[in-house]
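> Pasting the sequence and the predicted coordinates here, then a few questions.
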Number of protein chains: 2
Amino acid sequence: MGALDECYYNVELQNGVSFGDCIEPETMVIEDSVRVLLQGLGEDINREGLRKTPLRVAKALREGTRGYNQNVKDIVSCALFPEAGLESKVGHAGGAGGLVIVRDLDFFSYCESCLLPFQVKCHIGYIPSGQRVVGLSKLSRVADVFAKRLQDPDRLANEICASLQQSIKPAGVAVVLQCSHIDFPDFQSAIFDPNHQGWVKTSFKSGSGVFNDDKADVWTDFFSLLKFRNLNAGVMNSRGLICKSWKMGSSDPAMLSAVSSIICSLGEDPSRKELLETPTRFLNWLMYFKNCKLDMKLNGFVRNGNFGLSVEEQHICSVVNLPFWSQCEHHLLPFHGVVHIGYYGSNRVINPVGKSLLQSLVHFYGFKLQVQERLTRQIAESVSSVLGEDVMVVVEANHTCMISRGIEKFGSSTATIAVLGKFSTDPTARAKFLQVIPNMS
Amino acid sequence: MGALDECYYNVELQNGVSFGDCIEPETMVIEDSVRVLLQGLGEDINREGLRKTPLRVAKALREGTRGYNQNVKDIVSCALFPEAGLESKVGHAGGAGGLVIVRDLDFFSYCESCLLPFQVKCHIGYIPSGQRVVGLSKLSRVADVFAKRLQDPDRLANEICASLQQSIKPAGVAVVLQCSHIDFPDFQSAIFDPNHQGWVKTSFKSGSGVFNDDKADVWTDFFSLLKFRNLNAGVMNSRGLICKSWKMGSSDPAMLSAVSSIICSLGEDPSRKELLETPTRFLNWLMYFKNCKLDMKLNGFVRNGNFGLSVEEQHICSVVNLPFWSQCEHHLLPFHGVVHIGYYGSNRVINPVGKSLLQSLVHFYGFKLQVQERLTRQIAESVSSVLGEDVMVVVEANHTCMISRGIEKFGSSTATIAVLGKFSTDPTARAKFLQVIPNMS
């Protein structure tokens, strides 16, 4: 039994799911497909960091789409409780007519248009009837069943709503989703736009029963209790996620076919209308992270990169909040955030040309299969060759792989530090630079 | 096969864990113990809402303490990756010396002093050495192994730290925990103190290797990157959680023995020093929620409860943010939050006596095994008997059962509404009242 085989059991433990003692055929198909994708990216599939990536990706995808095998009826039927209400002439409360809301449920789902995970903050309301209520946590569990599929947010809202209506049979159900979808790092606009955000937020709603009418007063009650979440009936929209507007190039047929195999192995039909463009979109995303040779790209940069600064080492200077995108090589999932660079220089404010060159450098190291620790070191070394030997780099990031697999740690973020020269020996220099780093939004 | 038996399989599905097809003996012991506790609370263990509570509690406790059966070595060994660092004379980065931090990991743990769940926001840092790094998500998984046990936060920090040090063998590990433990609703002080919060927050830290010295510069680097979390080395403390200072009364021997059985069934030794007082503390908490007869208590209240208000129905008046504590009857876990009451009255501001009477009423309905929908209805009906037929009640709450079981929806909250009289027919009246409700902190 090889090292890889020995790891299978442990990896299953890590992911918190077990599909049995042997790897299922669907998992193996996904593994094979991921190998095709890695090779298409110009990667060596046998290097240490990538060796188990196909298995990790396969497990994560199957775990993340486990909703296909779950049944809402089973979840709800054991958790309907008799609960007295009021006579309707007196008012509405308890098991007859009092609005019940569960707010701020965090999920992730896989976007059916591009196969990347998107975050969902879900708010659910329902109006009990028939003198019974459902266990509050079941609203979350039902939403999770539909989130854990290839989804479109509009359909996700509708499916959660319809299935709760059908299984609880209340007077009405309201579902509001706030979705955050990663934006496409379009070189022409996004990258050099300092206001460009990594995520694009959209909101969706769905109602049944008394919530069927968008203008119904119950919607006002519901939105009143979602206040301070920047939500009201007006901001709702039903346009699709941002990825639908991504510009598409052509893709390698073998890679396209590999993505289709993955979709198939998750139990979906790649010829379903909404999935037809998915392999192309996913590959257009993925190919931004194609491995390319360092020297080829950096030659010109280093030669022209003196930034107009003398190397007089007087002050600690800093350039903060340079955005980056990258792709985690362990899980083939996006991570993105900001890079802060500290150095010793003669002027505290770097000129626009210098900043734009640093931004290019950050993007150069971001746009490949990466780990954050390496990205930080590479940027530091590279900056050092331009700005001198005393350099400090801090990378702050949100990793999709921290939310979209078993661990689901919404709100977590990572920070990595590289210190060169004086910054590695002088704690006061480090502290000074760290003080100027703004709070990560 | 009875209805209860039929549900076993489904409940397992709901909890997201399967201990096999048959119920394990430890689970059955916990179920029996919970029945003893419910009877000690004066509850009918056969009423619909409680019938499956023993099984739900048993499953939740076993799932919530699953860390006893997990092995850190298995988790980490498959996720150590070779990663180039810098030569130490150049600086520290990558797999040799660059600080790596994962922030804001949300967990819950069961307090070994009182058996109630407490929330943990965990920040972990480590300094790689030996040209290798660990997969970032593994820091979260390792922390979870120790969180999912009966814990003391100080020991939790130490165990996470020591096990990461041992399994990764880095230059050092730093762990900072921000814990929120439910406060004891002491009738003498807390209840009538409007500033009293439901949670008490404390922070703890642990360091190994280069973090062994509390004054080491690396701690400054670490805390610099935790800024805006109200954290610095100074606010750390190692005093225990709030429950250690709870005043203790005597408890029923059969109930004490039942709690000891539960502790035993989780794989712990009830005679371990730190666990000796746990059954007494837990029962002192639980007995606050003993069922008592409504008429007996409310008689005096209603007679004296005219609040000095005439029943002239002019304005919508409101009393907001009345705190309450309650215990979820489905999971035997705390939920707490605030109650907002709207009514028609002649003066917009209620006098202190009136507010204090409303607060007593809220506590009366809170301190029992409850569901939020019923609590809302009962408060509304009761308020209506004093303040007239036009009453609206909104209850906003955080449910421990929404974080401390399979679903772990940190940050979620619930809202329930009861509307009587005009409020049930007039959407404008509802909207007016809902507008005055402040954002839940």
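Here it is on my side, so go on. Numbering: from 1, shown residues only, chains lettered A, B, ... in the order given.
> quick one: the one helix or strand residue A:363 maps to near chain B?
Assigned by DSSP states H and E, residue A:363 falls within helix A:352-366. No: using Cβ under 8 Å from any Cβ of the partner chain, helix A:352-366 never reaches chain B; the gap is at least 12.2 Å. Every C-beta, even on glycine, is put in place using the N, C-alpha and C of the backbone.
> Which strands border the helix or strand just after that helix, and is each parallel or antiparallel?
Next helix or strand after helix A:352-366 toward the C-terminus (DSSP H and E): strand A:369-370. Applying DSSP bridges, strand A:369-370 is found paired with strand A:315-328 (parallel).
> What angle do helix A:352-366 and the partner strand make with each other?
Here strand A:315-328 runs at an angle of 30 degrees relative to helix A:352-366 (axes from the mean of the first three to the mean of the last three Cα atoms, to 10 degrees).
> hmm, back to that, which positions in the helix holding residue A:363 come out as buried?
A:354-355, A:357-366 (16 or more other Cβ atoms under 10 Å in any protein chain shown).
> from these, which has minimum pLDDT?
Among the buried residues of helix A:352-366, residue A:354 carries the lowest pLDDT, at 80.
> And the helices in the stretch 101-250 of chain A, which stretches?
Under the criterion DSSP state H, counting those that start in this stretch, the stretch 101-250 of chain A contains helices at A:136-147, A:153-168, A:217-224.
> Okay, buried residues for the longest one please.
Of the residues in helix A:153-168, those buried by neighbour count under the rule 16+ other Cβ under 10 Å are A:153-165, A:167-168.
> what's the spacing between the helix holding residue A:363 and its chain's center?
Helix A:352-366 sits 24 Å away from the centroid of its parent chain (Cα atoms, centre = their mean, to the nearest Å).
> give me the subset of the buried residues of helix A:153-168 touching chain B.
Among these, no residue lies close to chain B (Cβ under 8 Å from any Cβ).
> picking that back up, how about a markdown table for the buried residues of helix A:352-366, with distance to residue A:176 added?
Listed next are these as a markdown table, based on distance: Cβ to Cβ, whole Å:
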| residue | distance to residue A:176 |
| --- | --- |
| A:354 | 45 |
| A:355 | 40 |
| A:357 | 44 |
| A:358 | 41 |
| A:359 | 37 |
| A:360 | 40 |
| A:361 | 41 |
| A:362 | 36 |
| A:363 | 36 |
| A:364 | 40 |
| A:365 | 39 |
| A:366 | 34 |
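> Of those, which is the nearest to chain B?
Lowest distance from chain B to those (Cβ to the nearest Cβ) belongs to residue A:365, with 12.2 Å.
> I'd assumed residue A:382 was in contact with the closest one.
Yes: contact criterion Cβ atoms under 8 Å: residue A:365 and residue A:382 qualify, at 7.1 Å.
> still on that earlier bit, would you mind putting the helices of the stretch 101-250 of chain A into JSON lines with mean pLDDT alongside?
JSON lines is the format used below for these (pLDDT from 0 to 100):
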{"stretch": "helix A:136-147", "mean pLDDT": "95"}
{"stretch": "helix A:153-168", "mean pLDDT": "96"}
{"stretch": "helix A:217-224", "mean pLDDT": "94"}
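> is it possible to export those helices to CSV including distance to residue B:77?
Compiled in CSV, the helices of the stretch 101-250 of chain A are given as follows (distance: least, Cβ to Cβ, whole Å):
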stretch, distance to residue B:77
helix A:136-147, 31
helix A:153-168, 38
helix A:217-224, 49
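> out of these, nearest to residue B:142?
helix A:136-147 (24.8 Å; Cβ to Cβ).
> Who are the packing partners of the closest one?
Applying 3 or more Cβ pairs under 8 Å, 6 or more residues apart in numbering or on different chains; DSSP states H and E, we find helix A:136-147 packed against helix A:72-77, strand A:100-111, strand A:117-127, helix A:153-168.
> Could you list the residues in contact with stretch A:430-441?
A:316, A:318, A:320-321, A:337-338, A:340, A:342, A:392, A:394, A:396, A:413, A:419, A:423, B:217, B:220-221, B:224-225, B:227-228 (Cβ atoms under 8 Å, 6 or more residues apart in numbering or on different chains).
> What subset of those residues is buried?
Among these, those buried by neighbour count (16+ other Cβ under 10 Å) are A:316, A:318, A:337-338, A:340, A:342, A:392, A:394, A:396, A:413, A:419, A:423, B:220-221, B:224-225.
> how about the helices in the stretch 301-441 of chain A?
According to DSSP H, counting those that start in this stretch, the helices that the stretch 301-441 of chain A contains are A:352-366, A:372-387, A:422-425, A:427-436.
> Next, see if the third one gets close to chain B.
Yes: under the criterion of Cβ under 8 Å from any Cβ, chain B is reached by helix A:422-425 at A:423-424.
> what distance separates that helix from the middle of the whole chain?
In terms of Cα atoms, centre = their mean, the centre of helix A:422-425 is found 35 Å from the chain centre.
> burial measure for residue A:211, as a count.
23 (other Cβ atoms under 10 Å in any protein chain shown).
> Distance check, the spatially most distant residue from the centre of chain A against chain B.
Distance to the chain centre peaks in chain A at residue A:89, reaching 48.5 Å (criterion: Cα atoms, centre = their mean). Counting by Cβ to the nearest Cβ, to the nearest Å, the gap from residue A:89 to chain B is 9 Å.
> In this model residue A:173 seems to touch residue A:161, though I could be wrong.
Yes: if you go by Cβ under 8 Å, residue A:161 and residue A:173 touch, sitting 5.0 Å apart.
> any shared contact partners between the two?
A:207-208.
> helix/strand/coil for the residue farthest from the centre of chain A?
Per DSSP: H, G, I helix; E, B strand; the rest coil, the secondary structure class of residue A:89 is coil.
> wait, what's in contact with it?
So residue A:89 contacts nothing (Cβ under 8 Å, 6+ apart).
> Then the one 5 residues further on?
Remark: with contacts taken as Cβ under 8 Å, 6+ apart, residue A:94 is in contact with A:83-86, A:128, A:133, B:373-374, B:376-377, B:418.
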